[in-house]
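Asker: can you look at this prediction? I've put the sequence above it.
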Amino acid sequence: MRKFLRNNRGLIVFMLCLGLFRTAIADWNPVPTGSMRPTILEGDVVLVNRLAYDLKIPLTDISLARLGEPERGDIVTFSSPKDGTRLIKRIVGLPGDRIELRNNVLSVNGKPADYADIQWVSEDAGDGRFVQASRWSETLAGQSHAVQFLPHALARADFGPVIVPENSYFMMGDNRDNSEDSRYIGFVPRELLIGRAGHILVSADIKHDWKPRLERTVSRLH
């Protein structure tokens, strides 16, 4: 063992530094599901800034210092308060916000979002089936991003109103009818936030032929 450690100490130090980097500073996560379509696709690998909000002890949820405040519209990775699964969603509700959903129209503090620029797209529903989905530009508090709705979905189109507790956040996926978000898993405490996703590093079409999506490489999320 000593000989192995001596002969491979360079590699061992590198792996330890890489592990520390990924658990404390920045991480890259492949996305296996379509809950953030059309913003993030299955097969995208996103870069996550773990220092966006807190400096944490590696491999724990213990914060040593607050480095920034989560903002509405941030795309974040976090551990599900339901079962610990790592998820990626968008923050739509901050502490103290009143969140309500009526017929898929999101309202924050009594002000409904504006929806415009509808597009109809063919979405892969699996098993060789395709459905016509609608995509809209959702604008709330001066911020706009794309959201998607699926026909005949069983997701909660009506929800709340609820008040976001202190030090917690309300998350939603951009693919509103195919997202296990705060409508189902509840509010997300700050200590469960992992980091902010800012860019797509690489992407491949994992649902079909694994062909690289070069147009999505090193692209910014918004």
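Answerer: Perfect, I can see it now.
Asker: okay, and the helix or strand of the protein with the least pLDDT?
Answerer: Across the helices and strands of the chain, mean confidence by mean pLDDT, DSSP states H and E is lowest for helix 9-24: a mean of 43.
Asker: what's the next helix or strand along the chain from that one packed up against?
Answerer: Moving toward the C-terminus from helix 9-24, the next helix or strand (DSSP states H and E) is strand 26-30. Of the remaining helices and strands, those touching strand 26-30 by 3 or more Cβ pairs under 8 Å, 6 or more residues apart in numbering; DSSP states H and E are strand 44-49, strand 193-203. Where you see a C-beta, it was placed from the backbone N, CA and C, and this is true even at glycine.
Asker: let's see that with 7 Å instead.
Answerer: Judged by 3 or more Cβ pairs under 7 Å, 6 or more residues apart in numbering; DSSP states H and E, strand 26-30 is in contact with strand 44-49.
Asker: looking at this, residue 184 is in a strand?
Answerer: No. If the criterion is DSSP: H, G, I helix; E, B strand; the rest coil, then residue 184 is helix and not within a strand.
Asker: any idea how far residue 83 is from it?
Answerer: 11 Å (Cβ to Cβ, to the nearest Å).
Asker: which one's more surrounded, the two?
Answerer: Remark: of residue 184 and residue 83, residue 184 carries more neighbours, 12 against 7, as counted by other Cβ atoms under 10 Å.
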